[in-house]
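1. I would like the atomic coordinates for the input below:
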Amino acid sequence: MKGGSLTSVAFSCHCREKFPTLEALVAHVEKEHAKKMTVFKSVAPPLSTIWKFPVPIADEFAVGIPRGAEILSFDIQAGQPCIWAAVDPEQEAVSRQFRIVGTGHDMPAEALAYIGTVLDGGLVWHLFEKGGGSSAS
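-> The predicted structure is shown next:
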């Protein structure tokens, strides 16, 4: 630094607290903001392409997705609910089973892996993969 020296470093959180070390900041975020954190996952090769799969708003449905695909997101695009997944385009499609549960509706008594939630006007839909979810289907 020209004309001065760096004497201290402080890390700050969006809640405006200051921390003397990166480790202290991480500990704070894990304790105070864990429910609000977005977890970034790495996608390993050969999942080389992201594909979109339109889905119906239905209690149960199946989608043909290449074997080994990793579901990345569930959202609405131009009024159509969709799943986005990292795929290996060379893999054959396999049928993966899903359920949509509306807010206030009873949860089914079966193994389900949570995928995501979308807002559809005044309605809220929660997407689950049946069987606990498996990208190796």
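
2. where exactly do the helices run in the chain?
-> Counting by DSSP state H, the chain has these helices, from start to end: 22-32.

3. domain assignment for it?
-> 1-37, 49-130 (automatic domain parsing).

4. measure Pro89 to Leu47 for me?
-> Separation of Pro89 from Leu47 (CB to CB, to the nearest Å) stands at 10 Å. Backbone N, C-alpha and C define where each C-beta goes, glycine included.

5. comparing the two, which shows the higher neighbour count?
-> Leu47 (19 against 11; other CB atoms under 10 Å).

6. ok now do the residue nearest to that one when sequence neighbours are not counted, which residues does it touch?
-> Using CB to CB, 6 or more residues apart in numbering and skipping residues adjacent in sequence, the residue nearest Leu47 is Ala86, 3.9 Å away. For Ala86, the contacting residues are Val43, Leu47, Ser48, Thr49, Ile50, Ala69, Glu70, Leu72, by CB atoms under 8 Å, 6 or more residues apart in numbering.

7. from the residues you listed, pick the one nearest Gly121.
-> Lowest distance from Gly121 to the contacts of Ala86 (CB to CB) belongs to Leu72, with 24.0 Å.

8. what bridges to Ala93?
-> In this structure, Ala93 bridges to Pro66 when assessed by DSSP bridges.

9. cool, and Thr117?
-> Under the criterion used (DSSP bridges), Thr117 bridges to His126.

10. how many neighbours does it have?
-> By other CB under 10 Å, the residues close to Thr117 number 13.

11. you'd agree it is up against Val124?
-> Yes. Applying CB atoms under 8 Å, one finds Thr117 in contact with Val124, separated by 6.3 Å.

12. pLDDT below threshold where in this structure?
-> For the chain, residues meeting the criterion pLDDT under 70 lie at 1-17, 19, 22, 25-26, 29-30, 32-45, 132-137.
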